[in-house]
Structures are given as structure tokens and as C-alpha cells.
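Peer 1: need a 3D model of the following:
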Amino acid sequence: MLKKIVNKIFRNFHYKLLAIIFSFLLWFLAVKQESIVLNVKLPVKIATSPTVNVADYSPKKITIEVEGTKKSIEFIKEEGKIYIKLPLHYVKSSGTVTIPINHSIITLKPQLPDISIINVKTKKLTLKLEKVIKKPVPVKVALIGKNRQRFKVKNTTPNYVILYIPQSKASVIDFVKTEPIDTTYLKSGGTIFAKIASPYRTFPESVEVELIRR
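Peer 2: Predicted structure coming up:
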């Protein structure tokens, strides 16, 4: 009797095992893809016009309610950022302002197809704004490398750039430098295009540097 029961249980056992595994996989995928709603707190990045600089803002993180798969929400919690576009009527402002936060001015990045913002829990953002001015400043060329003493700058074109700088910083910055030009493998003089190394926007963004041997 026992032998008959055992034989019945293990008859076509591999098919039964495959059915169990397949059922488990279907359940797992269904759970994995199930949409959930969750509050997440993410860092903020401010997108502004070139005419205004954000000196500071608070809070640095805001809370939003999102809907999506558990896997995507976990990814957003680790890698996500909220970009807030400053409304146009603030682009010429200076001083401290408080703006309402709503769907129209925020963008969640990275943008995933199965993630959507349901609600914005943090309602206000306070920013310290200052005007950006245009200041002409001379360009200094930075040479590095073991051959730097063998070369000198004959000409820089243009020899100055327009620096777009917050008004509060204008009096402390009198020049900008290029990104370092490595002379280690230079054999002779020539013309090199070098980018301007500045935390602020410049025009143009690079200059033409003519080097000659000493």
C-alpha cells in the first residue's frame, strides 16, 4: 500500500517539479511588477536663467509621492533627483524668495516609464537669489608638465573673456585661467585650444593659445 502511494507521488515527478517552479516564477514576477505608491525624499537641483544665481536654498531635499514598481522606486530612492525650474518672474529677482512647489515646475530624473509623481508633499522652497553680472576678465594660461620651462605663451586669442558672475563675487575675481596645458610630450611650439577653467559661465568657453619654445 505504501509503495503504491510513493509511486503515485513520484510518478512524473519532474513534470510536477517544473509546474511548481513555473508557478513560483509567475507569482514572483507578478509581485515584482505590482505597482505601489510610496513617499520618497530626494535631493533638489535648481535650474535657473543665466541672469540669476542661487546662492542657497532650503530644504535641500523634498518629499514626493510616486507610483511605480517596487524595483523602480528602489532605484529612484538611490539615484533620483528633483529638478526645479525657477519660474520666469523670478529670473530678475534678488534677495530671499519663497516659491510654491507643484507639478508644473518639477522634473524627476532619471525618468523611468513606470514611475509617475502622484503628489508633492513638500509645498514650499526658500531661495536666496542674487543677480548675475557680466564682467570682462583677462585670461591666464596654465602650463604644466616637465617641459613647461621650455615653452612660453606668445599669444592668447582672445586674451579676455566675459565672465557671468554673481554680483557678490565680482570684486574678488580679477582673472580666469585655462585648463592646464600639459607640455610633457610637446616637441615644438604650436597652437592649442584650451578651455576656460571656471565655476562660472564664460564667453567664449575656450581660447586659442600659441606656444613657442624659449
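Peer 1: need phi/psi at Lys140.
Peer 2: Main-chain torsions, Lys140, degrees, to the nearest 10: phi -110, psi 130.
Peer 1: what's the burial count for the residue nearest to it when sequence neighbours are not counted?
Peer 2: Nearest residue to Lys140, sequence neighbours excluded (CB to CB, 6 or more residues apart in numbering): Lys177, at 5.0 Å. Placement of C-beta: from N, CA and C, glycine included. Residues lying near Lys177 (other CB atoms under 10 Å) number 13.
Peer 1: got a list of what the residue nearest to Phe203 when sequence neighbours are not counted touches?
Peer 2: Nearest residue to Phe203, sequence neighbours excluded (CB to CB, 6+ apart): Ile162, at 4.6 Å. By CB atoms under 8 Å, 6 or more residues apart in numbering, the contact list for Ile162 reads 134-136, 202-203.
Peer 1: now Ile162: how far from Glu74?
Peer 2: In this structure, Ile162 and Glu74 are 45 Å apart, going by CB to CB, to the nearest Å.
Peer 1: residues contacting Lys109?
Peer 2: 80-83.
Peer 1: ditto for Ile62
Peer 2: By CB under 8 Å, 6+ apart, Ile62 lies in contact with 41-42, 44, 82, 101, 120-122, 125.
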